[in-house]
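Engineer: Pasting a predicted model and its sequence here:
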Amino acid sequence: MLNNNLAAPCGIYCGACRHYLVLKKDLLEQRGFKTGCKGCRIRNKNCVFIRRDCPALKKKELEFCYECDKFPCQNLKTIDKRYRERYSLNLIESLKRIKEIGAEKWLLEQKKFYTCPKCEGEICVHDEECYDCGNKINPNKK
């Protein structure tokens, strides 16, 4: 079973996040970071993009944004738009998929999706590259 900590409330797969990967692979200094991240949930941050404006996430009333009566709220729509434009990643669709198949199966899908076809390393969605071999790739832009 994969760690649910890598399934952010807002639909981001933390296993492909720059801040997660630089810490995991001990690349902080090399990539110019002072700190990294172990995943949204373990650091009790919830979704860093919408937590300050979402009382339900702050109070841990929801595990994922799709559980909310207001799904998708304006905060989620804003970050979803940014991720679609920059990384071709649709967070709202990710959340619908989590709801459909469950977090555990979704995490397995994401791990496979963000695995480099050249070296089987880990792909960073933000930098569009494999952090193991340097292969320039964004699987969302196929």
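Structural biologist: Noted; the coordinates are in hand. Numbers count the residues shown, from 1 in each chain.
Engineer: Which secondary structure elements does the helix or strand harbouring Glu100 sit against?
Structural biologist: Per DSSP states H and E, Glu100 falls inside helix 91-101. Secondary-structure packing of helix 91-101 (3 or more CB pairs under 8 Å, 6 or more residues apart in numbering; DSSP states H and E): helix 74-87, helix 103-113. Bear in mind the C-beta positions are built from the backbone N, C-alpha and C, glycine included.
Engineer: export the first one as PDB, just CAs?
Structural biologist: This means helix 74-87. Extracted in PDB, the C-alpha atoms of helix 74-87 (Å, rounded to 0.1, in the frame of the first residue of the first chain):
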ATOM      1  CA  GLN A  74     -13.300  29.000  -6.500                       C
ATOM      2  CA  ASN A  75     -10.000  28.400  -4.700                       C
ATOM      3  CA  LEU A  76      -9.700  24.900  -6.300                       C
ATOM      4  CA  LYS A  77     -10.700  26.300  -9.700                       C
ATOM      5  CA  THR A  78      -7.900  28.900  -9.400                       C
ATOM      6  CA  ILE A  79      -5.200  26.400  -8.700                       C
ATOM      7  CA  ASP A  80      -6.600  23.900 -11.200                       C
ATOM      8  CA  LYS A  81      -6.400  26.600 -13.900                       C
ATOM      9  CA  ARG A  82      -2.800  27.300 -13.000                       C
ATOM     10  CA  TYR A  83      -1.800  23.700 -13.100                       C
ATOM     11  CA  ARG A  84      -3.700  23.000 -16.400                       C
ATOM     12  CA  GLU A  85      -1.900  26.000 -18.000                       C
ATOM     13  CA  ARG A  86       1.600  25.400 -16.700                       C
ATOM     14  CA  TYR A  87       1.800  21.600 -16.400                       C
END
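Engineer: Which residues does that helix contact?
Structural biologist: 10-12, 47, 49-50, 53-54, 65, 72, 89-92, 125-126, 128, 138, 140 (CB atoms under 8 Å, 6 or more residues apart in numbering).
Engineer: Quick one: work out the angle between it and helix 91-101.
Structural biologist: 110 degrees (axes from the mean of the first three to the mean of the last three CA atoms, to 10 degrees).
Engineer: tell me how far helix 74-87 is from the chain's mean position?
Structural biologist: Between the centre of helix 74-87 and the centre of its chain there are 12 Å (CA atoms, centre = their mean, to the nearest Å).
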